[in-house]
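> coords please:
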Amino acid sequence: MGHNHGRQSSATQIRPVVDQLEDRVTPSFSSQLQTLIANAAQFSSTGDAVAQATGLDTPIPIIDQSLDSILNVRGDFTRIATALAAINPSGITDNADLASALHAVDPSDYYAYDSGPGGPQVEFFPSTSDSAANPTVSVANTAAGLGGGTPAYFSSAALSGSGTLSVLVSGGITFGANDSGAYLLPGTFLSSSVNGSTTSPVSGTVQVGSDSLPEMFSGSATISMLPAFHLSDPTGTGQVPLTDVAGNVAFTNASSLQNSDSVVSLSGDVTVGVLGVPLVTWGTTTGLRVAAPLLSWSADGAAFSAPR
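Sure, this is the predicted structure:
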């Protein structure tokens, strides 16, 4: 028994030495958390980089409004930055603490965590109460805003009509920090569905091609999109530094913005009249001259279809 006691005593003496060595070679959660907080402002600029790299600021035909004004991707990254800058690192010892601290300063959004890496890493989910969850959009009131291919179907237009969209976000943004700085996890993030139509009728005056007679339009616009983003990981580390996000982010090819299911359409009828007397009507409901929809924009290669 004395021999066994001696072995236990030896192990007890060796373990603290190993612990000390591990502390020297393994970065502490605390130091990486400080790195994450120090890089808080960089998340806002990362939101700008994502928007610029993926064309979120480009107006979408028919509604003449950018996708970022609907999805508020910049706002998502800015709220992450604001939350990180506001937390007190004291008492945060693991990712559960970090998620709770972030939610405390940003209660409108949700922060999740898993065992993950040894350093700080959480996932951000935009709240459905965000103003972008139910944005109001209006149909473009000019021919240029409506688009319509080349040559444009409408040579002039003065339209009105608006509606509320439903935006459902099903994917978040996973972020964290290592010794080198803050990073995002690669893969698909911020996958969403966007659906809606104009609740107030789209109406106004238009001119189709070279037609010279006064024309009136009456109809509606619909929007159906499945936008998502994909972040590549060219180094294969499983962590993409914020500084490298712009060069590796794109809309996902598989699921969504780039397919025929993501469309904005304008449907309705054009009526030609003289002195208030309608002479002929064609369009969606009449089947004359053009089948529905009158104008349709698809995110599949930014294709645009219009009757000829």
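
> What about residue 67, how many residues nearby?
Other residues within reach of residue 67, judged by other Cβ atoms under 10 Å, total 23. Where you see a C-beta, it was placed from the backbone N, CA and C, and this is true even at glycine.

> Would you agree it is in contact with residue 226?
No. Judged on Cβ atoms under 8 Å, residue 67 makes no contact with residue 226 at a distance of 11.9 Å.

> list the contacts for residue 250?
For residue 250, the contact set (Cβ atoms under 8 Å, 6 or more residues apart in numbering) comprises 53-54, 229-230, 232.

> farthest pair in those residues?
54 and 232 (12.8 Å; Cβ to Cβ).

> State the number of residues packed around the closest residue to residue 160 other than its chain neighbours.
Spatial nearest neighbour of residue 160, chain neighbours left out: residue 204 (5.7 Å); criterion: Cβ to Cβ, 6 or more residues apart in numbering. Taking other Cβ under 10 Å as the criterion, the count of residues near residue 204 is 16.

> go on, residue 87?
21.

> Can you read off the backbone torsions of it?
Main-chain torsions, residue 87, degrees, to the nearest 10: phi -80, psi 150.

> Enumerate every residue touching it.
Taking Cβ under 8 Å, 6+ apart, one finds 37, 98, 101-102, 104-105 in contact with residue 87.

> Show the pLDDT at it.
pLDDT, residue 87: 97.

> Give the helix, strand or coil label for the residue nearest to residue 40 when sequence neighbours are not counted.
Spatial nearest neighbour of residue 40, excluding adjacent residues (Cβ to Cβ, 6+ apart): residue 84 at 3.8 Å. Under DSSP: H, G, I helix; E, B strand; the rest coil, the three-state class of residue 84 is helix.

> and residue 84, how many neighbours does it have?
Counted with other Cβ under 10 Å, residue 84 comes out at 26.

> these two touch, right, it and residue 43?
Yes. At 6.9 Å, residue 84 and residue 43 qualify as touching, with contact defined as Cβ under 8 Å.

> More neighbours: residue 54 and residue 232, which one.
Each of residue 54 and residue 232 has its neighbours counted (other Cβ under 10 Å); residue 54 has more, 20 against 14.

> surely that one meets residue 247?
No. At 12.0 Å, residue 54 and residue 247 do not qualify as touching, with contact defined as Cβ under 8 Å.

> Is residue 248 in contact with residue 232, as I believe?
Yes. In terms of Cβ under 8 Å, residue 248 counts as a neighbour of residue 232; the distance is 4.3 Å.

> Please enumerate the shared neighbours of these two.
With Cβ under 8 Å, 6+ apart, residue 248 and residue 232 have common neighbours 186, 240.

> Name the residues contacting each of residue 54 and residue 232.
Residues touching both residue 54 and residue 232 (Cβ under 8 Å, 6+ apart) are 249-250.

> name the helices or strands packed onto whatever helix or strand residue 111 lives in?
For residue 111, the host element (DSSP states H and E) is strand 110-112. Helices and strands touching strand 110-112, by 3 or more Cβ pairs under 8 Å, 6 or more residues apart in numbering; DSSP states H and E, are helix 95-105, strand 121-125.

> Which among those is found nearest to residue 60?
When these are compared by Cβ to Cβ, strand 121-125 sits nearest residue 60, at 24.9 Å.

> Quick one, grab the pLDDT at residue 179.
Per-residue pLDDT puts residue 179 at 92.

> From residue 106, how far off is it?
As judged by Cβ to Cβ, to the nearest Å, residue 179 and residue 106 stand 26 Å apart.

> And residue 240, by the same measure?
As judged by Cβ to Cβ, residue 240 and residue 106 stand 23 Å apart.

> which one of those two has more residues nearby?
Neighbour count, other Cβ under 10 Å: between residue 240 and residue 106, residue 240 has more, with 22 against 19.

> Show me the beta-bridge partners of that one.
Beta-bridge pairing for residue 240 (DSSP bridges): residue 184.
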